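Undergrad: here's my sequence, what's the structure:
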Amino acid sequence: MDIMARKQIDMYWASNKEVKAYPLSKKYTFALSSRLFMNIEDPECVSKISDDFDRIMAGFFSLPVDIPGTTFNHAIKARNNLHKEIREIIRKRKKEQREKRDKELVIHDLLSHMLLMSYENSKVMSDIEITTRINSLLLASHETVSTAITFSFKYLAEFSDVYDAVLKGNPSKPS
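TA: Numbering: from 1, shown residues only. Down below sits the predicted model:
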């Protein structure tokens, strides 16, 4: 996570005189969630999924009228796109797992764990069930963590004494 945070800061924050913390926090949180949940590190893939996700979020706050061109209609299309993209990621991961069956399989993210997990009756989760759970986790992590990061920055900027204490409390921070 630390390496990812440093990359995000270098790519999107460091070169700016003024930083819009909330959109950049959302970008960071989504990239981090994508990596932890599905081991997706490719910025283009993360961006594509994030764009669909942003349209879905806009649909939450729109009139639920499914007419072409409306925000709600765009949200429905984005949700279908997102489900399709995640199902494709699942398909690829299952193929990887089949190919590594004889070798030691490393569970490095939530998706791998879900694919290998079975219920008490030895039934595995369906692709739809996994897709729905991943979407739910992305939703839960997206807004809450982004908002917490943004408010942390806000209060650190407002209270210089707290900022100084936080800065001094980090033993890995170079002098």
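Undergrad: hmm, Ala75 is touching Ser62, no?
TA: Yes: Ala75 is in contact with Ser62 according to C-beta atoms under 8 Å; the separation is 6.9 Å. No exception for glycine: its C-beta is placed from N, CA and C like everyone else's.
Undergrad: which one of these two is surrounded by more residues?
TA: Counted by other C-beta atoms under 10 Å, Ala75 and Ser62 do not tie: Ala75 has more neighbours, with 22 against 13.
Undergrad: for the more buried one, give me its contacts.
TA: 55-60, 62 (C-beta atoms under 8 Å, 6 or more residues apart in numbering).
Undergrad: from Lys100, how far out is it?
TA: According to C-beta to C-beta, to the nearest Å, Ala75 and Lys100 sit 37 Å apart.
Undergrad: next, Val124: phi, psi?
TA: phi -90, psi 160 (degrees, to the nearest 10).
Undergrad: filter the contacts of Ala75 down to the buried ones, PyMOL style.
TA: Per 16 or more other C-beta atoms under 10 Å, the buried members of these correspond to this PyMOL selection:
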select buried, resi 55+56+59
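Undergrad: between the contacts of Ala75, which is nearest Asn121?
TA: Ile56 (32.9 Å; C-beta to C-beta).
Undergrad: Ser62 contacts Asn73, correct?
TA: No: using C-beta under 8 Å, Ser62 makes no contact with Asn73, being 9.2 Å away.
Undergrad: max-length helix in the protein?
TA: Criterion DSSP state H: the longest helix present in the chain is helix 127-158.
Undergrad: chain center to the helix or strand just after that helix, what's the gap?
TA: For helix 127-158, the following helix or strand on the C-terminal side (DSSP states H and E) is helix 160-168. Relative to its parent chain, helix 160-168 has a centroid offset of 29 Å by C-alpha atoms, centre = their mean, to the nearest Å.
Undergrad: and the angle for helix 160-168 with helix 127-158?
TA: Put simply, helix 160-168 runs at 120 degrees to helix 127-158, going by axes from the mean of the first three to the mean of the last three C-alpha atoms, to 10 degrees.
Undergrad: CA atoms only: put helix 160-168 into CSV for me.
TA: Output of helix 160-168 as CSV, limited to C-alpha atoms (Å, rounded to 0.1, in the frame of the first residue of the first chain):
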residue,chain,number,x,y,z
SER,A,160,-0.4,22.8,11.7
ASP,A,161,0.4,21.5,15.2
VAL,A,162,-1.2,18.2,14.4
TYR,A,163,0.5,18.1,11.0
ASP,A,164,3.9,18.7,12.6
ALA,A,165,3.2,15.9,15.2
VAL,A,166,2.2,13.5,12.5
LEU,A,167,5.3,14.4,10.5
LYS,A,168,7.6,13.9,13.4
